[in-house]
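Asker: can you look at this prediction? I've put the sequence above it.
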Amino acid sequence: MALQIIRNNIIYVEADAIVNTANPSVGIGRGVDSAIYRAAGRDRLLEARKEIGKMSPGEAAWTPAFDLHAKYIIHTVGPAWRGGDCGECETVAKCYSRSLELAAELGCESIAFPLIATGTYGFPKDEALRIAMEEISRFLLANEMEVLLVVYDKESFEVSGKLFSDIKSFIGDGEAEYGVAYNRSISPIETAGNRPAEPDRASVKRPAEAPAKGLAGSSGRRSFLDRLLNRESTEERTLMEGAPSIDEYYDLLEDKDASAYESSYMPAFPGEEKSLDERLKHLDKTFQQYLFMLIDRRGMTDPEVYKKANIDRKHFSKIRSNIDYSPSKKTALALAIALELSLDETKDLLARAGLALSPSMVSDRIIEYCIETCNYDIYEINCILFKYDQPTLGA
């Protein structure tokens, strides 16, 4: 299972376990603690809490959930903020890790957390969020559980100020040049006066074992190679759609499959006729086929991929078993993030599902920013998306 960030009051959330930021003494505190006592049934919950007794910061214990939409309440005691030099961060981390361990011991399949210690205890929200993401993601790498991080309102949820301002700048500043850059499949922050140098086609390396005749002795093969090397223009890219990259082409040469590939995939020049039936015979890899090819090339296991993508195991099994699987955009993007694809590779993967990144969507601009800056932490990306009121990736 996976992590979701939701905006709600935790007393209305349905989960096997609800986490309460408890009073260390036997008594009803303020904030989340008070709300949970009222919703669960004040007297019964207080009696159960007496059996636990006094708790130290970082500890976790459970009681029945009584009238809440849950089986258990996991009580944990957060630290009061004293400037950060008194072990507060370590204590908050223990609150998350011990609550998750206790939920696993109880056989829970789902657990809902508030942002611990950020209310009356005054813990900084951005630091609390960072710790929550770190501890939850560490737990999910080794365990299967649905984890809900429940945020009461926008003011309760903060992303690092620098990261937030950088993304805001990226979304705003790139819009004027975006149309040009996007069509050229280059970084959306490149401008006409700052484009990368054209590739040096003469420097393309050929495998040493590839026979010279195979490259130059056949007019058909030379024509095919010329098209690969010259597909910088929009026209050539259209003609060569579905053709291999230069590196893939030479891999084919090594496997002695290039001739067969060229005879079936040689795109027609303008004016040449190529029937619809011929075109339909030679479709490229589906989303599912291409995805698992990428996974194999990365040397990753299925659990590594679906956990990094914030996708549950059952959903991933559906993808593996269906060659014609059609993903939602958020699932496709989550998988691209898990595989740490470049922007061009991400666009290619999306295209195989009939999807695309849009220059007019805030969520897509955020994804592009994260890929451009090599931020492939799905949980941090989802925090950013949530902050901007955008759909999160994966689960």
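Answerer: Now that the structure is in, tell me what you want to look at. Residues are numbered from 1 along each chain as shown.
Asker: okay, CA-based contacts and neighbour counts for the rest of this
Answerer: Will do.
Asker: so Lys54 sits right up against Ser25, yeah?
Answerer: Yes. Counting by CA atoms under 8 Å, Lys54 touches Ser25, with 4.8 Å between them.
Asker: could you measure from Glu345 over to Asn310?
Answerer: For Glu345, the distance to Asn310 equals 20 Å [CA to CA, to the nearest Å].
Asker: more neighbours: Lys54 and Ser25, which one.
Answerer: Ser25 (15 against 12; other CA atoms under 10 Å).
Asker: what helix or strand is that one located in?
Answerer: For Ser25, there is no enclosing helix or strand under DSSP states H and E.
Asker: and it, what does it touch?
Answerer: By CA atoms under 8 Å, 6 or more residues apart in numbering, the residues touching Ser25 are Gly53, Lys54, Met55.
Asker: between the residues you listed, which is nearest Leu350?
Answerer: Nearest to Leu350, judged by CA to CA, of these is Met55 at 50.2 Å.
Asker: how many other residues sit next to the nearest residue to the closest one once chain neighbours are set aside?
Answerer: Of all residues not flanking Met55 in the chain, Pro24 sits nearest, at 4.8 Å (CA to CA, 6 or more residues apart in numbering). When neighbours are defined as other CA under 10 Å, Pro24 has 20 of them.
Asker: I figured Pro24 hits Val77, correct?
Answerer: Yes. Pro24 is within contact range of Val77, at 6.0 Å (criterion: CA under 8 Å).
Asker: shared neighbours of these two, which are they?
Answerer: Met55, Ser56, Pro57.
Asker: from those, list just the buried residues.
Answerer: Taking 16 or more other CA atoms under 10 Å as the criterion, what is buried in the shared contacts of Pro24 and Val77 is Met55, Pro57.
Asker: save the shared contacts of Pro24 and Val77 as a markdown table, and put in secondary structure, pLDDT and distance to Arg98 too.
Answerer: Listed next are the shared contacts of Pro24 and Val77 as a markdown table, based on DSSP: H, G, I helix; E, B strand; the rest coil; pLDDT from 0 to 100; distance: CA to CA, whole Å:
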| residue | secondary structure | pLDDT | distance to Arg98 |
| --- | --- | --- | --- |
| Met55 | coil | 95 | 13 |
| Ser56 | coil | 94 | 13 |
| Pro57 | coil | 94 | 11 |
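Asker: pretty sure Val147 is in a strand, no?
Answerer: Yes. Counting by DSSP: H, G, I helix; E, B strand; the rest coil, Val147 is found in a strand.
Asker: now it: how far from Asp312?
Answerer: According to CA to CA, Val147 and Asp312 sit 11 Å apart.
Asker: what residues are up against Leu148?
Answerer: Neighbour list for Leu148: Leu3, Gln4, Ile5, Ile6, Ser110, Ile111, Ala112, Phe113 [criterion: CA under 8 Å, 6+ apart].
Asker: which among these end up buried?
Answerer: Buried subset of the contacts of Leu148 (neighbour count, 16+ other CA under 10 Å): Leu3, Gln4, Ile5, Ile6, Ser110, Ile111, Ala112, Phe113.
Asker: of all those, which comes closest to Tyr306?
Answerer: Tyr306 has its nearest neighbour among the buried ones among the contacts of Leu148 in Leu3, at 11.9 Å by CA to CA.
Asker: per-residue pLDDT, Glu340?
Answerer: At Glu340, the model reports a pLDDT of 96.
Asker: now do the contacts for it.
Answerer: Ile371, Cys374, Tyr376.
Asker: please, which helix or strand holds the first one?
Answerer: Assigned by DSSP H and E, Ile371 falls within helix 362-372.
Asker: again, but for the second one
Answerer: For Cys374, there is no host helix or strand (DSSP H and E).
Asker: how near is it to Leu45?
Answerer: Taking CA to CA, one finds Cys374 at 47 Å from Leu45.
Asker: and Gly87, by the same measure?
Answerer: Counting by CA to CA, the gap from Gly87 to Leu45 is 30 Å.
Asker: got it, and Gly394?
Answerer: Gly394 is 36 Å from Leu45, where distance means CA to CA.
Asker: ok, the two, which is more surrounded?
Answerer: Counted by other CA under 10 Å, Gly394 and Leu45 do not tie: Gly394 has more neighbours, with 27 against 21.
Asker: make sure that one is actually in contact with Lys329.
Answerer: No. Between Gly394 and Lys329 there is no contact under CA under 8 Å: 9.5 Å.
Asker: export the contacts of Ser25 to a markdown table and tack on distance to Glu14?
Answerer: Listed next are the contacts of Ser25 as a markdown table, based on distance: CA to CA, whole Å:
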| residue | distance to Glu14 |
| --- | --- |
| Gly53 | 27 |
| Lys54 | 28 |
| Met55 | 26 |
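Asker: any idea which of the residues you listed is the one closest to Ile131?
Answerer: Lowest distance from Ile131 to those (CA to CA) belongs to Met55, with 21.3 Å.
Asker: show me where pLDDT drops low in the stretch 251-395 of the chain?
Answerer: Along the stretch 251-395 of the chain, the parts satisfying pLDDT under 70 run over 251-274, 276-283.
Asker: one more time with 80
Answerer: Scanning the stretch 251-395 of the chain for pLDDT under 80 picks out 251-284, 395.
Asker: looking at this, Ile111 is in a strand?
Answerer: Yes. Counting by three-state DSSP, Ile111 is found in a strand.
Asker: contacts only, for it.
Answerer: Taking CA under 8 Å, 6+ apart, we find Ile111 in contact with Ala15, Asp16, Ala17, Ile18, Val19, Leu100, Ala103, Met145, Glu146, Val147, Leu148.
Asker: where do the strands sit along this protein?
Answerer: Along the chain, the segments classed as strands by DSSP state E run 3-7, 17-21, 60-64, 72-76, 110-113, 146-151.
Asker: pull out the buried residues from stretch 28-39.
Answerer: Buried-residue list, stretch 28-39, by 16+ other CA under 10 Å: Ile28, Gly29, Val32, Asp33, Ser34, Ala35, Ile36, Tyr37, Ala39.
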